[in-house]
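Undergrad: Mind looking at a prediction? Sequence and model below.
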2 protein chains.
Amino acid sequence: MQTLRVALGERAYPIHIGSGLLNAAELFAPHLAQKRVAIVTNEIVAPLYLPRLRHTLRSAGIDTLEIILPDGEEHKNWSTLNEIFEALLAARAERKTTMIALGGGVVGDVTGFAAATYQRGVPYIQVPTTLLAQVDSSVGGKTAINHPRGKNMIGAFYQPRVVVSDMDTLKTLPARELKAGLAEVIKHGAIRDATFFDWLEHNVERLLAGDAEALGHAVLRSCEIKAAIVASDEREEGERALLNFGHTFGHAIETGLGYGTWLHGEAVAAGMALAADLSARLGMLARSDAGRVTSLLARAGLPVAVKGLATNRFRELMSVDKKANDGRLRFILLQGIGSASIRGDVPELSVNQTLEAAAGGA
Amino acid sequence: MQTLRVALGERAYPIHIGSGLLNAAELFAPHLAQKRVAIVTNEIVAPLYLPRLRHTLRSAGIDTLEIILPDGEEHKNWSTLNEIFEALLAARAERKTTMIALGGGVVGDVTGFAAATYQRGVPYIQVPTTLLAQVDSSVGGKTAINHPRGKNMIGAFYQPRVVVSDMDTLKTLPARELKAGLAEVIKHGAIRDATFFDWLEHNVERLLAGDAEALGHAVLRSCEIKAAIVASDEREEGERALLNFGHTFGHAIETGLGYGTWLHGEAVAAGMALAADLSARLGMLARSDAGRVTSLLARAGLPVAVKGLATNRFRELMSVDKKANDGRLRFILLQGIGSASIRGDVPELSVNQTLEAAAGGA
């Protein structure tokens, strides 16, 4: 097991990465204010991992309330959030009752937001069971639900007490979801670490094959990169925005095609390909480096273009994005592999060219 | 104008108390990240004070988006919250758009919670226009909506950038609401400041008559007391719970009789009378001091008993209260005028005696 600490002052927390961690009660117990937890999971993850986590906790004398949500991004909404509140209130969950999110990004985001707002905040623990959740939502405390008008529009910054990433859970992860997780792994290399990007180019097949050692390294390095950025800018007032590389385009794709059509990681992958293309069009990035980004994404089995979204509609969807500022769109662009920056002055013409090229698959 | 500073480190903020403050753009402008605000108010307050605030801000070159909610505690719910989100999204409000809550406690609580969660948090300013909001919700950052199963069950701790309490707004406040506000003023004296309690006993008629000088003193001293307690315990892990004096009983009364039947301050007044009675039954408080609390509340025109709520139902409602801990009810009790403490070991029999006495009006 390897342990990383996210340095956020009084809100600092550890991330444990390794095998067999769902059996390790000692990773959970020290963080509980009360011998009672509410485990929130979904109908796919519950049969796979809930019995093991329940057994681990109950053997340590901890009561478990269990809340099982429907699966899918389309359920990341107020109605699901309210199901959690109903269950917590019916069971008389208290301010010291710790919530545990057992599942992927949707479970983590909704559970985290429920924890942030139930009785004005209760402690919570993340147990991410997808690669995407392990490398992305487990670091940084972003919680949210979607709104019909935009993704993640309602939420809070709220940090977990501990993150337990059991690599064994990736063994049952569908190939499509593993690939979606690799999108964020590749993102971390692209924006911050050329050496890691290089390692990914050499190891993408091992990762796709589910090689535990390679996956462990990818999760650890991704969390380290993200943790360093988040520690310097918890509330996304500056540097943290770099983590949104691919997301201005990606969120528009998710909203425009309807939540649930594409996986978040797939939308971000296409978004990164578009952002790399835009970076090259603006002369910031060598066309060959944009090609490396697109090529690595494609080798990871991820989409690098998007059909079915008209340019006008695409632009409109982007303009409600949270990265907008005084009405101007901001883009995270690359100025080299491993180096990103925020640009608020991108000409509309260049954006349109990128959108049209992406729609044409060019 | 008098200014008080709530000391909360990086979340510290000033409270301005005085006359004519709605005309003072210089109290607002320095706190805006963008020359654009979203003013949230309700249908009662809007015709009285929205034109003045709008004029003040627009004269300073600040754009205003205006959101007018229905009036009443029964609208402090998800549906109203979502109306705010809809309006913000439709107007493309951004992360730097500051929200301004213009109104009483309901407007402040809902707007504060909307600000805490819209795009994971935008800045907000409180402009409380009721005595209750000026002495209570303007200090401490508690925001929330109600849930059918309990009051304030969903919310966040989220601090405003500045509070502007214009005493002129109390001139149009209905007498019943002025009295409800006095309940929280009396609470501050009862739990923390015998001298202030004494002053209230000598000045309650001036306050009821709307004497501006007396009201100004009551608001300032209340905010000082609350600010000192909140600064020492922002997230209500210890001392801050003392501010819930009267609230364990009071919330049960509000929920049991249906939101909107009693004003919050009225429920808290009856709750304080019950808590004082319970304190006396337990031998913590002289019966004569319990009598002083009840008598001052009654002189302020506030209820000190509650009919129509069976003892069993009352107990059940109290047990979902946030002050519960490991299934035990905690009560805030007095050990003298100006001195309160938290007790988790109150015998059920004594609680029942208090509830029965209150129901009988004894």
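TA: Ah, there it is. Numbers count the residues shown, from 1 in each chain, chains lettered A, B, ... in the order given.
Undergrad: tell me the pLDDT at A:N325?
TA: For A:N325, the model assigns a pLDDT of 58.
Undergrad: and A:L170, how far is that from A:E43?
TA: 19 Å (Cβ to Cβ, to the nearest Å). For glycine as for every other residue, the C-beta is placed from the backbone atoms N, C-alpha and C.
Undergrad: And for A:G271?
TA: A:G271 is 29 Å from A:E43, by Cβ to Cβ.
Undergrad: before we move on, what about A:H202?
TA: Relative to A:E43, and taking Cβ to Cβ, A:H202 is found at 38 Å.
Undergrad: So which of those two has more stuff around it?
TA: Neighbour comparison, A:H202 and A:E43: the larger count goes to A:E43, with 12 against 8 (by other Cβ atoms under 10 Å in any protein chain shown).
Undergrad: which ones are touching that one?
TA: A:E43 sits next to A:I68, A:L69, A:P70, A:D71 when contact means Cβ atoms under 8 Å, 6 or more residues apart in numbering or on different chains.
Undergrad: What strand or helix carries the residue of chain A most remote from its centre?
TA: In chain A, A:G61 marks the outermost C-alpha relative to the chain mean, sitting 32.1 Å out by Cα atoms, centre = their mean. Assigned by DSSP states H and E, A:G61 falls within no helix or strand.
Undergrad: now swap in A:N152 and tell me
TA: With DSSP H and E as the test, A:N152 turns up in strand A:150-157.
Undergrad: what's the model's confidence in that strand, averaged?
TA: 92.
Undergrad: quick one: it to strand B:150-157, angle?
TA: With axes from the mean of the first three to the mean of the last three Cα atoms, to 10 degrees applied, the angle from strand A:150-157 to strand B:150-157 works out at 90 degrees.
Undergrad: could you point out which element follows strand A:150-157?
TA: With DSSP H and E, the next secondary element past strand A:150-157 is strand A:162-166.
Undergrad: Is the helix or strand of chain A with the lowest mean pLDDT positioned near chain B?
TA: Taking mean pLDDT, DSSP states H and E as the measure, helix A:311-319 is the helix or strand of chain A with the lowest mean score, a mean of 86. Yes. Counting by Cβ under 8 Å from any Cβ of the partner chain, chain B is contacted by helix A:311-319 at A:S319.
Undergrad: which of the contacts of A:E43 are close to chain B?
TA: Within the contacts of A:E43, nothing lies near chain B by Cβ under 8 Å from any Cβ.
Undergrad: Quick one: the strands in the stretch 51-200 of chain A, in order.
TA: In the stretch 51-200 of chain A, the segments counted as strands under DSSP state E, counting those that start in this stretch are A:63-69, A:98-103, A:124-128, A:142-147, A:150-157, A:162-166.
Undergrad: likewise the stretch 201-350 of chain A?
TA: So, for the stretch 201-350 of chain A - with DSSP E, counting those that start in this stretch - the strands run A:331-336, A:339-343.
Undergrad: Point out the most buried one among these.
TA: Most buried of the strands of the stretch 201-350 of chain A by mean neighbour count (mean count of other Cβ atoms under 10 Å in any protein chain shown) is strand A:331-336; its value is a mean of 21.
Undergrad: Does it reach chain B?
TA: No. Contact of strand A:331-336 with chain B is not found when judged by Cβ under 8 Å from any Cβ; the minimum separation is 15.5 Å.
Undergrad: Count the residues that sit near the nearest residue to A:K151 once chain neighbours are set aside.
TA: Once flanking residues are discounted, A:K151 sits nearest to A:H251: 4.9 Å by Cβ to Cβ, 6 or more residues apart in numbering or on different chains. Using other Cβ under 10 Å, A:H251 is surrounded by 26 other residues.
Undergrad: now A:V293
TA: Applying other Cβ under 10 Å, I find that A:V293 has 28 neighbouring residues.
Undergrad: Likewise for A:T130?
TA: Quick note: A:T130 (other Cβ under 10 Å) scores 26 neighbours.
Undergrad: I'd assumed A:V293 was in contact with A:M272.
TA: Yes. In this structure, A:M272 is within contact of A:V293 by Cβ atoms under 8 Å, at 6.3 Å.
Undergrad: list residues touching both of the two?
TA: A:I186, A:A190.
Undergrad: Can you name the residues of the stretch 1-150 of chain A that neighbour chain B?
TA: Checking the stretch 1-150 of chain A against chain B by Cβ under 8 Å from any Cβ, the hits are A:34, A:78, A:82, A:85-86, A:89-90, A:92, A:94-96, A:113, A:116-121, A:142-144, A:147, A:149-150.
Undergrad: Which of the residues you listed fall in helices?
TA: A:W78, A:N82, A:F85, A:E86, A:L89, A:A90, A:F113, A:A116, A:T117 (DSSP state H).
Undergrad: Test my guess that the third one contacts B:M153.
TA: Yes. Here A:F85 reaches B:M153: they are 7.0 Å apart, a contact under Cβ under 8 Å.
Undergrad: Between those two, which contacts overlap?
TA: Counting by Cβ under 8 Å, 6+ apart, the residues touching both A:F85 and B:M153 are A:Y118, B:H147.
Undergrad: ok so, going back, buried ones only from the residues of the stretch 1-150 of chain A next to chain B, please, as a ChimeraX command.
TA: Buried members of the residues of the stretch 1-150 of chain A next to chain B, defined by 16 or more other Cβ atoms under 10 Å in any protein chain shown, are picked up in ChimeraX with:
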select /A:34,78,85,89,94,95,96,113,116,117,118,119,120,121,142,143,144,147,150
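Undergrad: and the biggest helix by length in chain A, what does it pack onto?
TA: In chain A, taking DSSP H as the definition, the longest helix is helix A:212-232. Helix A:212-232 is packed against strand A:2-6, strand A:13-18, helix A:131-132, helix A:175-192, helix A:194-208, with contacts defined by 3 or more Cβ pairs under 8 Å, 6 or more residues apart in numbering or on different chains; DSSP states H and E.
Undergrad: Go ahead and name everything in contact with the shortest one.
TA: Translated: helix A:131-132. A:104-105, A:170, A:173, A:177-178, A:180-185, A:215, A:218-219, A:263-265.
Undergrad: again, only this time at 10 Å
TA: Outside helix A:131-132, the residues that touch it by Cβ atoms under 10 Å, 6 or more residues apart in numbering or on different chains are A:104-106, A:108, A:138, A:165, A:167, A:169-170, A:173, A:177-185, A:207, A:210, A:215, A:218-219, A:222, A:263-265, A:268.
Undergrad: Identify the residues contacting the nearest residue to A:F157 once chain neighbours are set aside.
TA: Leaving aside its chain neighbours, A:F157 sits nearest to A:G141 (5.0 Å; criterion: Cβ to Cβ, 6+ apart). A:G141 is in contact with A:6, A:8, A:11, A:13, A:112, A:116, A:126, A:156-160, A:230, A:234-235, B:120, counting by Cβ under 10 Å, 6+ apart.
Undergrad: Distance check, A:G141 against A:S79.
TA: 24 Å.
Undergrad: Then A:V293?
TA: Per Cβ to Cβ, A:V293 is found 37 Å from A:S79.
Undergrad: picking up where we left off before, reformat the strands of the stretch 201-350 of chain A as a markdown table; add mean pLDDT.
TA: Putting the strands of the stretch 201-350 of chain A into a markdown table (pLDDT from 0 to 100) gives the following:
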| stretch | mean pLDDT |
| --- | --- |
| strand A:331-336 | 95 |
| strand A:339-343 | 94 |
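Undergrad: In TSV, list those strands along with distance to A:L132.
TA: Below are the strands of the stretch 201-350 of chain A laid out as TSV (distance: least, Cβ to Cβ, whole Å):
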stretch	distance to A:L132
strand A:331-336	19
strand A:339-343	20
